[in-house]
Every structure is written in C-alpha cells, then in structure tokens.
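Peer 1: Pasting the sequence and the predicted coordinates here, then a few questions.
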Number of protein chains: 2
Amino acid sequence: MRYSLLGNGKRMCPILCIASCELVGGDEELAMPLACALEMVHAMSLIHDDLPCMDDDDLRRGKPTNHKVFGECIAVLAGDALLSLAFEHIASKTKNVSPDRVVRAIAELGSAIGSRGVVAGQVVDIDSEGKEVSLKTLEYIHVHKTAKLVEASAVCGAIVGGADVAGIERLRKYARSIGLLYQVVDDILDVTKSSEELGKTAGKDLASDKATYPKLMGIEEAKKFAAKLVYQANEELASFDSAKAAPLYHLAKYIVRRQN
Amino acid sequence: MRYSLLGNGKRMCPILCIASCELVGGDEELAMPLACALEMVHAMSLIHDDLPCMDDDDLRRGKPTNHKVFGECIAVLAGDALLSLAFEHIASKTKNVSPDRVVRAIAELGSAIGSRGVVAGQVVDIDSEGKEVSLKTLEYIHVHKTAKLVEASAVCGAIVGGADVAGIERLRKYARSIGLLYQVVDDILDVTKSSEELGKTAGKDLASDKATYPKLMGIEEAKKFAAKLVYQANEELASFDSAKAAPLYHLAKYIVRRQN
C-alpha cells in the first residue's frame, strides 16, 4: 500500500480537491482527508490496472509495478485495502465539515469509481483491445477511466469547502475538461516520448494497437483538441474570483504542457 | 456484479445488521441500505478470494466462481465496483438516520475491510499456506478474514438504529463470537461433508494442508469450542429484551447447526 501510494506521483487529484475547496472559500484542512483518500483511490486503480490480467504493465512511475515487487495476490489485496481505507479515512478524519456534506462527498466518490465510473472505463478499454474503436468509444473510455475521478476530486473539494450547487457544477465541468485533457496529453506523450522520459513503458499504445487520440485524429488534431479542452476548462473558472482561481488555471496549463 | 451478489447466499451480514438495528429500537428500513452494502462487500471479498492468484477456487455456492465465468479481469473489476458501490449505496440511500451516524457506520465498515480487517486476514492466510500454523495465528486469520465483517454488520446496524455506546459494544462482542463461530463450523464442515452438500469444494483444506480448527485441536475439541462461542455470544444478549433479541439467539443457533 505504501509502495504505490507514497512513491512519485503528480498528486493531481489531491491538488485539485484542495484547490477547489479553497476556491469556494474553505480551508485546506477541510479537504485534506478527502485529498489523501483520492490519492488512495488513484493508487488502487493503478495497481489493479497494471495487473497481468489487465494491462499487464511492468513499469509505473519509473519503478516496477506493485505486482512485480509483491506478487499478484498482494497487489490485488493492497488495492482493496487502499479503496476501503479511502472511505474510512474520509469518514473518520474529516473535521469541521457538517456530516451531511461528508456523506455527499462519499456518495460522489463512490459513484466515480464503480460501474458508472472508473471501472466502466476500464471494462470498455479492455473490451476494445484489438478492435476498431470509434472516437466516441475512446472518449467514453477516457471520460470514465480518468476524468470521473478528476471530476469527483473537484466536486468533493467544493462540497466540503461549502460550495453552493452552481459552484459545484462549474467545478464539475472544469474538472471533466481537464480530466479528459490529461488523457489526451497522455496519448500524445506515449507516441512522442521515450520510456525513460515517461517513467513508464512508452510506445505501448502503438505496440498493442490501442486506440488513442493521435491514432484516431492525428497528432496535430489531438493537440488542437487539447487546446480546446484547456479553453473549455478556463471558461468555467471565469465566474470565480480570478486570484482565487489562479491555482486551477495553472493546473490546466501544467497538464497541457507536461512532458511526462 | 449481479452474478456474485444476487445468487444464493446466507445473507448473514445483512440479517445481522437489520436484527441489530431492530434490537436497539430502529426500523428495518434504517438499516436496509447498509445491509445491502454489507452483502456487496461480502460478495467482493469472495470474488477476489477465489481468484487464481489467491485461493484459486472453481466452485462457490454450487456455481462456477466469478472469474471462471467472466475471466480474471472482469472478476477483479466487479469486486472493485462492488466495494465502491457499497459505500456509495450507504451514503446515497440511507434515509432518516442522522448524517453523523451514517459517517460513523462508514468509518466502521471501512476499517473492517482494510489492512486491519478482512484484507489483513487474507494476507496472513495466504502467507501461512504450507507452513506450520499456531492456534493463535489461525484465530488471527479467522477473526480478521471473517469475523471483522460480521462484527461491522452488527455494529453498523446498531449505530443507524440509534444504539448507545454500551449497546454497540455488546453487539460487537456478540458478533465477534458468532463471526469466529461461523469459521470454526466452516472448518468442521469442510472435513465432514461432500462438495455436493457444501456447494463448494470439500476437503480442500485437508488437500492443501491448510491449518483448520479440526486439524489443530481435533474435531471433538473444535465442536466444544463452537459450543463455547455460542455461549459467549448469547451472554452478550442477556441484557437486551429477550423477545427482541430472539432473532440473534436464533442466528447463533443456525450458524452452529448449519450443514452447508
């Protein structure tokens, strides 16, 4: 659990959660247990995705994947324990937030992971391997596999920060755009960078003939699509105080410019 | 998810959860979302336990195991989705319970599953295969792998039913005894019944040289230990209204007398 949770990582979900909480007027500490829980869920999804029966990956963030170090059995169980710890952590460690907001955040996170969230994306992804995949299916995969948890990060942060419904929905749309953006950039990096630069196996999508944005629309169009997503994300931030929204503008910029 | 959740099953955790809620004065409907969630967690733990990298079981409740029907990948993901759905379901479907009690129940359930609960038991169980195991280790395995979720079922039911601290702790001790009782009886049935009678592979513990109560203390002593656990469980019920506690007396009796 520690190996996969505490290693290198961009901490995008926790950062987004805390920034969303602060944007709507909450303190960092209100969102911290949620932020940690989001990283646990993210770590769990990576551990299980990397399993031999899933994507069968040997390298993650420049290190051997969890099952390569601890074996498949422990990797499955470490994921299970991280997932349950995430919910336990939110429920037992969140302070100074009204319990009804904690319950709403838990419902939001739960729905982001399951059969209408991350798992749905992973199932369609696995099912699509070796098949001709439409742009619509590719978007379904990424919206669910990646963007749902990003969306939940912003929404949960906004909930515990005390946001009203309108504020929550704007942050949901912002996060949906940058979640998809993240994956589009990932696809681009996979074909333009080396394994060393990425810290994970590069060219894997091409080798496994996996559907990606560059494959379906070409690299230049994929880059244009990325720019459009940044624009859409920023539009949702326009109604917030621009100084307070600065971290979220920068997060979108960081995602589109990242090199690994 | 439906295949493993909605098939045959004893529904012990949901029954215990609802009976505990009613014992402390709550209505069945207060505990129903929790009861469903407990069955989801139970189903998830069975799906993952049966995986080739874990206990590698082909038969469960008289049917092929999840991964035998849907493949390993879907089996892992179905478990993940059931686990997150469990928490989502409690948070989004529990009505007429104060949110702080919902949050407490979620914290209790989360801690029962993770690295100090079911997963801890499974890790020690897998690690003990082919080794000489002491009675103390065997009890550790069963208390965690089985009894923790049974304990959480009673405790969560009591929490949403409105129990005070003393009532919750008595139900915790009752459930801990019958949770361990369940496993002692399971061990006895494994050596005394056929696969057909059990609906799962019989004699598996012996074949894999697994530590069990009959193996470590002999069948007669194991049966005496079971009787002692029933006695301990019933003692915890003594301070409750005996008419209201009747379902829990019967549950203990059912567990010790069950034939599969």
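Peer 2: Nice, I can see it.
Peer 1: Tell me where the stretch 51-200 of chain A has helices.
Peer 2: A:66-70, A:72-93, A:99-113, A:118-128, A:135-142, A:148-161, A:165-192, A:195-198 (DSSP state H, counting those that start in this stretch).
Peer 1: Identify, out of the ones you listed, the most deeply packed stretch.
Peer 2: Greatest average neighbour count among those goes to helix A:148-161 (a mean of 28), per mean count of other Cβ atoms under 10 Å in any protein chain shown. In short, each C-beta sits where N, CA and C put it, glycine included.
Peer 1: about what we covered before: including distance to B:Cys53 and mean pLDDT, could the helices of the stretch 51-200 of chain A go into TSV?
Peer 2: As requested, those are exported to TSV (distance: least, Cβ to Cβ, whole Å; pLDDT from 0 to 100):
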stretch	distance to B:Cys53	mean pLDDT
helix A:66-70	8	97
helix A:72-93	4	98
helix A:99-113	22	98
helix A:118-128	17	94
helix A:135-142	26	94
helix A:148-161	25	98
helix A:165-192	28	94
helix A:195-198	26	69
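Peer 1: Need those in a markdown table (columns: distance to A:Ala246).
Peer 2: As requested, the helices of the stretch 51-200 of chain A are arranged in a markdown table below (distance: least, Cβ to Cβ, whole Å):
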| stretch | distance to A:Ala246 |
| --- | --- |
| helix A:66-70 | 36 |
| helix A:72-93 | 27 |
| helix A:99-113 | 24 |
| helix A:118-128 | 29 |
| helix A:135-142 | 27 |
| helix A:148-161 | 15 |
| helix A:165-192 | 13 |
| helix A:195-198 | 28 |
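Peer 1: For B:Ser98, find the nearest of those.
Peer 2: Closest approach to B:Ser98 among the helices of the stretch 51-200 of chain A is made by helix A:99-113 (7.4 Å; Cβ to Cβ).
Peer 1: what about the closest one and chain B, any contact?
Peer 2: Yes. Among the residues of helix A:99-113, A:Pro99, A:Asp100, A:Val102, A:Val103, A:Arg104, A:Ile106, A:Ala107, A:Leu109, A:Gly110, A:Ser111, A:Ile113 lie within reach of chain B under Cβ under 8 Å from any Cβ of the partner chain.
Peer 1: quick one: that helix to helix A:165-192, angle?
Peer 2: Interaxial angle of helix A:99-113 relative to helix A:165-192 (axes from the mean of the first three to the mean of the last three Cα atoms, to 10 degrees): 30 degrees.
Peer 1: on contacts alone, who are the packing partners of helix A:99-113?
Peer 2: If contacts are counted by 3 or more Cβ pairs under 8 Å, 6 or more residues apart in numbering or on different chains; DSSP states H and E, helix A:99-113 sits against helix A:28-49, helix A:72-93, helix A:148-161, helix B:72-93, helix B:99-113.
Peer 1: so can I have TSV of those showing distance to B:Arg176?
Peer 2: Formatted as TSV, the helices and strands packed on helix A:99-113 follow (distance: least, Cβ to Cβ, whole Å):
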stretch	distance to B:Arg176
helix A:28-49	27
helix A:72-93	19
helix A:148-161	34
helix B:72-93	21
helix B:99-113	11
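Peer 1: thinking again about what came up before, now for the helices of the stretch 51-200 of chain A, which one comes closest to B:Ile90?
Peer 2: Short answer: helix A:99-113, nearest of the helices of the stretch 51-200 of chain A by Cβ to Cβ, at 7.8 Å.
Peer 1: and A:Pro214, what does it touch?
Peer 2: A:Asp187, A:Ile188, A:Val191, A:Ala222 (Cβ atoms under 8 Å, 6 or more residues apart in numbering or on different chains).
Peer 1: For the last one, pull up the helix or strand it's in.
Peer 2: Read it as A:Ala222. Under the criterion of DSSP states H and E, A:Ala222 resides in helix A:219-237.
Peer 1: I figured A:Ser84 hits B:Ala120, correct?
Peer 2: No. Here A:Ser84 does not reach B:Ala120: they are 11.3 Å apart, not a contact under Cβ atoms under 8 Å.
Peer 1: For the two, list the residues in contact with both.
Peer 2: Contacts common to A:Ser84 and B:Ala120, judged by Cβ under 8 Å, 6+ apart, are B:Gly114.
Peer 1: before we move on, back to that, show me what counts as buried in the next helix or strand after the helix holding A:Ala222.
Peer 2: As assigned by DSSP H and E, the chain's next helix or strand after helix A:219-237 is helix A:242-257. When burial is assessed from 16 or more other Cβ atoms under 10 Å in any protein chain shown, helix A:242-257 yields the following buried residues: A:Ala245, A:Pro247, A:Leu248, A:Leu251, A:Ala252, A:Ile255, A:Val256.
Peer 1: Ok, stretch A:26-44 next?
Peer 2: Buried residues in stretch A:26-44, counted by 16+ other Cβ under 10 Å: A:26, A:30-44.
Peer 1: Can you say which of those residues are also within reach of chain B?
Peer 2: A:Met44.
Peer 1: before we move on, back to that, report the distance from the helix holding A:Ala222 to the chain centre.
Peer 2: Taking the mean of its C-alpha atoms, helix A:219-237 sits 17 Å from the chain's own mean (Cα atoms, centre = their mean, to the nearest Å).
Peer 1: So for that helix, what gets flagged as buried?
Peer 2: A:Ala222, A:Lys223, A:Phe225, A:Ala226, A:Leu229, A:Val230, A:Gln232, A:Ala233, A:Asn234, A:Glu236, A:Leu237.
Peer 1: Kindly reformat those residues as TSV containing distance to A:Lys173 and pLDDT.
Peer 2: TSV is the format used below for those (distance: Cβ to Cβ, whole Å; pLDDT from 0 to 100):
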residue	distance to A:Lys173	pLDDT
A:Ala222	21	94
A:Lys223	22	93
A:Phe225	17	95
A:Ala226	17	95
A:Leu229	11	96
A:Val230	13	96
A:Gln232	8	96
A:Ala233	8	96
A:Asn234	11	95
A:Glu236	5	96
A:Leu237	10	96
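Peer 1: now for those residues, which pair is the farthest apart?
Peer 2: It's A:Ala222 and A:Leu237 that sit farthest apart of these, by Cβ to Cβ, at 23.5 Å.
Peer 1: which residues are contacting the helix holding A:Ala222?
Peer 2: A:170-171, A:173-174, A:177-178, A:180-181, A:184-185, A:187-188, A:191-192, A:213-214, A:217, A:245, A:248-249, A:252-253, A:256.
Peer 1: on that earlier part again, quickly name whichever of the residues of helix A:99-113 next to chain B is closest to B:Arg11.
Peer 2: Distances from B:Arg11 to those, taken by Cβ to Cβ, are shortest for A:Gly110, at 21.9 Å.
Peer 1: didn't that closest one look like it was pressed against A:Phe87?
Peer 2: Yes. Taking contacts as Cβ under 8 Å, A:Gly110 lies within contact range of A:Phe87: 7.5 Å.
Peer 1: Overlap in contacts, the two.
Peer 2: With Cβ under 8 Å, 6+ apart, A:Gly110 and A:Phe87 have common neighbours B:Phe87.
Peer 1: Would you pull up the residue in the stretch 151-260 of chain A closest to chain B?
Peer 2: Taking Cβ to the nearest Cβ as the measure, the stretch 151-260 of chain A has A:Ala152 as its residue closest to chain B, at 10.7 Å.
Peer 1: who's in contact with the residue lying closest to that residue once chain neighbours are set aside?
Peer 2: The shortest distance from A:Ala152 to any non-neighbouring residue, by Cβ to Cβ, 6 or more residues apart in numbering or on different chains, is to A:Ala112 (3.6 Å). Each residue near A:Ala112 by Cβ under 8 Å, 6+ apart is listed here: A:Val118, A:Lys148, A:Leu149, A:Glu151, A:Ala152.
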